[in-house]
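Visitor: The following comprises the amino acid sequence and a computationally predicted model.
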Amino acid sequence: MGGSHRTGPRRRGRGGSSPHPSGDRVLVLPGEEIPSQGLKPGPGTYRVGGKVYASILGLLSPRPPFVQVIPLSGRYIPKPNDVVIGTVTDVQGTFWLLDIGAPRWAPLHMTGTPWKVDVGETERYLRVGESVVVRVENLDPTGRIGVTMLGEGLGKLEGGSIVHVSPARVPRVVGRNGSMIETITRHTGAQVAVGQNGRIWVDGAPEAIHRVREALRMISEDGQRRGLTERVDSYLKSTSRSRDEGVEEPPREHAHRDAPAQDFASSPPPTDSGEGPDDERFDGENN
Amino acid sequence: MGSVGAKDVPVLLSPEGLRVDGRRVNELRPIKITAGALKHADGSAFVEWGQNKVMAAVYGPREVHPRHLQQNTKAVIQCKYNMAAFSVDERKRPGLDRRSQEISKVIAEAFESVVFAEEFPRTSIDIYIEVLQANAGTRCAGLVAASVALADAGIPMADLLPAVAVGKAGGAIILDLKKEEDNFGEADLPMALVPQSGRLVLLQMEGHMTRDELATALDLGVQGCRGIYEVMKQALRDRYSVAPAAEAGA
């Protein structure tokens, strides 16, 4: 029965404490009324009878003239120019279908690749299970996601493995100005490419991959507390001490959101030795 | 007491107004909800409600599996409710039956009226409900679990969807029937409420009630749903309250 639990969301304000100043994020749930203060309903909200309610679980974020809710979970919602990592799920005569973790599969047309692909020859270049770095090019109202592999840092991924984190956690993985990812690559010597869709490609020595994976798990699981970079840093330091290999060489590649992966962009058409990355998934988000 | 045979109807309401398990007529069974119980699902929840144990997983929005079900203007909501063979005393024959098909249908339709499916055309939102242990009210428990799982999956919707069954047993209108009350009682009235608008999006009934009793039962059920709503919200807060501040500019 009701009554004994906390105050329902419809009570305006939150007790006597300060009515959340902007910047301080408040968790809201679907159906919860949002004090809109004259702001228009933005993403993650809806309006009924002059009142604004949250439509998704997330953090309240006033962005005048809108009030919006930033999701904390859920699938990757593509945005134009996002660089993402996708896995081929189907091969057609002129295009491939990629799973980029979005609501729908994204077609990659053969003209969107650096290769000269003949119609019907698509499978010689990319097979089901192989992974690529692509850029979201256009979105149409029906939800179709157009992606391209033409551009710097885009291309097929050879070797390595792919780790999944929640798309909501990607900013944390990257860190401010790429600080987190810089920390990780510096300490492990691994190559890392982060897709905006929460798929992260890691390559390097097996133990380096393992440490990157652990670091990503830390970020996925307790990205909420402060000092995360420090804790990841100390974890990586402690593990590099234990196995004294002196692998402190600077990372060959350094990735962040704008340039997820580098020089394989112009790599020649793959022969059919195609060894895609292992696909490994721990969604710290759902843990 | 010692001579109560299996066929005997238990005393559903004592002279003191207590039910078989000692609850009063307007009391819910203890309910515990764990949001995000499964790793690989986009969203999930585990509900323990009285002696019910129900797991729900949500996948999607994703590609529609049987392609012909795809809709050009909105997501299709597909629900599969299933009871485990071991969920009841007498082994339940596994697989689809008329009852589970019906429940799947009414639950999917309940969610169709709250989920903002137009945001994801040509996709499917798949809800799986597995009843591991049943003790009456599993469609409501399943619906509650699925609703928390949908929120956990970040799917946009008007509101969470609390649900509860009201019924009549021992001549009284009672909230949240348990098995004996369902089996030997006079009526069963499961319902699901949209708290934000006050609308009911699922309402079924079995048995007999007078018009006045129905009105009382509806009021009691709405009251019960509001109680469950709080537990659902708390479950989601517990899971996300320490969530990261998604960095503004990044």
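Guide: Yes, it's here. Numbers count the residues shown, from 1 in each chain, chains lettered A, B, ... in the order given.
Visitor: does the most centrally placed residue in chain B sit in a helix, a strand or a coil?
Guide: For chain B, residue B:140 is the residue whose C-alpha lies nearest the centre (CA atoms, centre = their mean; 2.4 Å). Residue B:140 carries the three-state label helix when classified by DSSP: H, G, I helix; E, B strand; the rest coil.
Visitor: if I look at it, how far off is residue B:50?
Guide: Using CB to CB, to the nearest Å, residue B:140 is found at 11 Å from residue B:50. In this view, the C-beta of every residue, glycine as well, is placed from N, C-alpha and C.
Visitor: One more: residue B:141?
Guide: 8 Å.
Visitor: Have a look at these two and say which one is more surrounded.
Guide: Remark: of residue B:141 and residue B:50, residue B:141 carries more neighbours, 30 against 20, as counted by other CB atoms under 10 Å in any protein chain shown.
Visitor: residues touching the residue of chain B found nearest chain A, list them.
Guide: Per CB to the nearest CB, residue B:154 is where chain B lies closest to chain A, at 2.2 Å. Counting by CB atoms under 8 Å, 6 or more residues apart in numbering or on different chains, residue B:154 touches A:56, A:57, A:58, A:71, A:72, A:73, A:74, A:75, B:42, B:43.
Visitor: do residue B:79 as well
Guide: With CB under 8 Å, 6+ apart, residue B:79 has these contacts: B:104, B:105, B:107, B:108, B:111, B:126, B:127, B:128, B:129, B:146.
Visitor: hmm, try it at 10 Å
Guide: Residues near residue B:79 by CB atoms under 10 Å, 6 or more residues apart in numbering or on different chains: B:56, B:58, B:103-112, B:125-129, B:142-143, B:146.
Visitor: Out of those residues, list just those in strands.
Guide: Among the contacts of residue B:79, DSSP state E puts B:56, B:58, B:125, B:126, B:127, B:128, B:129 in strands.
Visitor: Tabulate the residues you listed (TSV), appending pLDDT, distance to residue B:168 and neighbour count.
Guide: TSV is the format used below for the ones in strands among the contacts of residue B:79 (pLDDT from 0 to 100; distance: CB to CB, whole Å; neighbours: other CB atoms under 10 Å in any protein chain shown):
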residue	pLDDT	distance to residue B:168	neighbour count
B:56	98	29	31
B:58	98	34	30
B:125	98	35	29
B:126	98	36	22
B:127	98	30	29
B:128	98	32	21
B:129	98	26	28
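Visitor: For stretch B:187-204, which residues meet the burial criterion?
Guide: Buried residues in stretch B:187-204, defined by neighbour count with 16 or more other CB atoms under 10 Å in any protein chain shown: B:187-197, B:200-202.
Visitor: how far out from the middle of the chain is that stretch?
Guide: 11 Å (CA atoms, centre = their mean, to the nearest Å).
Visitor: May I have the secondary structure class of the residue in the stretch 151-287 of chain A that chain B sits nearest to?
Guide: Relative to chain B, the nearest point of the stretch 151-287 of chain A is residue A:171 (3.6 Å; CB to the nearest CB). Classification of residue A:171 by three-state DSSP places it in helix.
Visitor: quick one: which of the contacts of residue B:154 is nearest to residue B:10?
Guide: Nearest to residue B:10 among the contacts of residue B:154: residue B:43, at 38.8 Å, using CB to CB.
Visitor: ok, now which ones touch the closest one?
Guide: Per CB under 10 Å, 6+ apart, neighbours of residue B:43: A:57, A:73-75, A:285-286, B:35-37, B:56-60, B:125, B:127, B:146, B:148-155.
Visitor: Tell me, how many residues neighbour the closest residue to it other than its chain neighbours?
Guide: Closest residue to residue B:43 apart from its sequence neighbours, by CB to CB, 6 or more residues apart in numbering or on different chains: residue B:153 at 2.6 Å. Residues near residue B:153, counting by other CB under 10 Å, number 26.
Visitor: Mind pulling up the pLDDT for residue B:153?
Guide: According to the prediction, residue B:153 has pLDDT 97.
Visitor: what sits against it?
Guide: By CB under 10 Å, 6+ apart, residue B:153 lies in contact with A:56-57, A:73-75, A:286, B:36, B:41-45, B:57-61, B:125, B:127.
Visitor: ok, the residue of the stretch 1-150 of chain A found nearest chain B to residue A:209 distance?
Guide: In the stretch 1-150 of chain A, the residue that lies nearest chain B is residue A:74 (2.2 Å; CB to the nearest CB). Per CB to CB, residue A:74 is found 27 Å from residue A:209.
Visitor: which of those two has more neighbours?
Guide: Using other CB under 10 Å, the more surrounded residue of residue A:74 and residue A:209 is residue A:74, with 24 against 21.
Visitor: Disregarding residues adjacent in the polypeptide, which is nearest to that one?
Guide: Among residues not flanking residue A:74 along the chain, residue B:154 sits closest, at 2.2 Å (CB to CB, 6+ apart).
Visitor: about what we covered before: run a quick check on the residue nearest to the centre of chain B versus residue B:203, I expect a contact.
Guide: No: taking CB atoms under 10 Å as the definition, residue B:140 is not a contact partner of residue B:203, at 11.5 Å.
Visitor: so where do the strands sit in chain B?
Guide: B:31-35, B:43-49, B:52-63, B:76-83, B:123-133, B:163-169, B:172-175, B:187-194, B:199-203, B:206-207.
Visitor: Tell me, how many residues neighbour residue A:80?
Guide: So residue A:80, with other CB under 10 Å, has 11 neighbours.
Visitor: Name the nearest residue to it, ignoring sequence neighbours.
Guide: Closest to residue A:80 by CB to CB, 6+ apart is residue A:136, at 5.6 Å.
Visitor: Does residue A:67 touch residue A:41 like I think?
Guide: Yes: judged on CB under 10 Å, residue A:67 makes contact with residue A:41 at a distance of 6.7 Å.
Visitor: what's near enough to touch residue B:201?
Guide: Applying CB under 10 Å, 6+ apart, the residues near residue B:201 are B:106-107, B:109-114, B:143, B:158-159, B:161, B:163, B:191-194.
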